[in-house]
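Chemist: okay, here's the prediction I keep looking at, along with the sequence it came from:
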Amino acid sequence: MTTAVIVQARMGSSRLPGKVMQELAGRTVLHHVLERCRAIPGADLVVCAMPDEPQSAPLEAVARESGAATFRGSEKDVLARYLGAARSVKADIVMRVTSDCPLIDPQVCGEVLALRRDSGADYAANNTPRTYPHGLDCEAFTTAALVEAETSTSEAHDHEHVTPWLRRAPHLKRANLSSGNPALASHRWTLDYPEDLEFFRAVFAALPKGSPARINEVLAMLAERPDIIAINAGRSLERAAS
């Protein structure tokens, strides 16, 4: 039984071009994400799944430096890209993580993997409903369910966003990991805008040197530094209103 963490990454971004290659605490954002994914308990390997285009070359270089396997596939059909990546490493279980979340928490991801395994669910996540900061999202599902999704839906939205069909198919068994504190969902820890990058740089600068920057450490630091939360708070309000 092989469990693969598949991280989708691309260079294009209308709001912050090349965002995953931005410098953060001496490394790229993608470095941070892949390194943290390699520490997820229960995961056997990490795959960086990127578009099959020349612009992906820097992403592939970072992935190899980080010890991740690589896979290239369709830019628009991300569902097919995920399935191709899963098949390339003969994965039975897939964990989906996006590359714009440099604070992704290995322990939380491991708990989602364990929940899927112990519940026998086809699909498990930690955001249905969300009780963790936006940016700690992860999903775990069987490759068999992913195959079914790929053959069952032709809707462009499903293929672009990978898991909508898995979230609504009535016959699939699903499970959700709750933090127990819905208020944590108000935190914005994802990289879409320049002010998000400013927020992350402030977070890493404020943490003690060598800190693993796990969820409780970041929350404790932010409780003492509301000025850092304020950096991208406007984007959190926009998202809540949308």
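Modeler: Perfect, I can see it now.
Chemist: give me the below-cutoff pLDDT ranges for this structure.
Modeler: Counting by pLDDT under 70, the chain contains low-confidence ranges at 237-242.
Chemist: tell me what the residue nearest the centre of it is bridged to.
Modeler: In the chain, the centroid-proximal residue (CA atoms, centre = their mean) is Val97; its distance is 2.6 Å. Beta bridges link Val97 to Val7 when assigned by DSSP bridges.
Chemist: and it, what is it in contact with?
Modeler: 5-7, 33, 37, 104, 109, 137-138 (CB atoms under 8 Å, 6 or more residues apart in numbering). Where C-beta positions appear, they are placed from N, C-alpha and C, glycine not excepted.
Chemist: count the neighbours of Arg15 for me.
Modeler: Neighbourhood size, Arg15 [other CB atoms under 10 Å]: 11.
Chemist: was I right to think it contacts Tyr193?
Modeler: Yes - Arg15 lies in contact with Tyr193 (CB atoms under 8 Å); the separation is 5.5 Å.
Chemist: spell out the residue ranges of the strands in this protein.
Modeler: Secondary structure of the chain (DSSP state E): strands located at 3-8, 23-24, 27-28, 45-51, 69-73, 93-98, 123-125, 139-142, 174-176.
Chemist: put together a markdown table for those, with distance to Arg168 on each row.
Modeler: Below are these laid out as a markdown table (distance: least, CB to CB, whole Å):
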| stretch | distance to Arg168 |
| --- | --- |
| strand 3-8 | 20 |
| strand 23-24 | 35 |
| strand 27-28 | 35 |
| strand 45-51 | 23 |
| strand 69-73 | 24 |
| strand 93-98 | 16 |
| strand 123-125 | 10 |
| strand 139-142 | 13 |
| strand 174-176 | 10 |
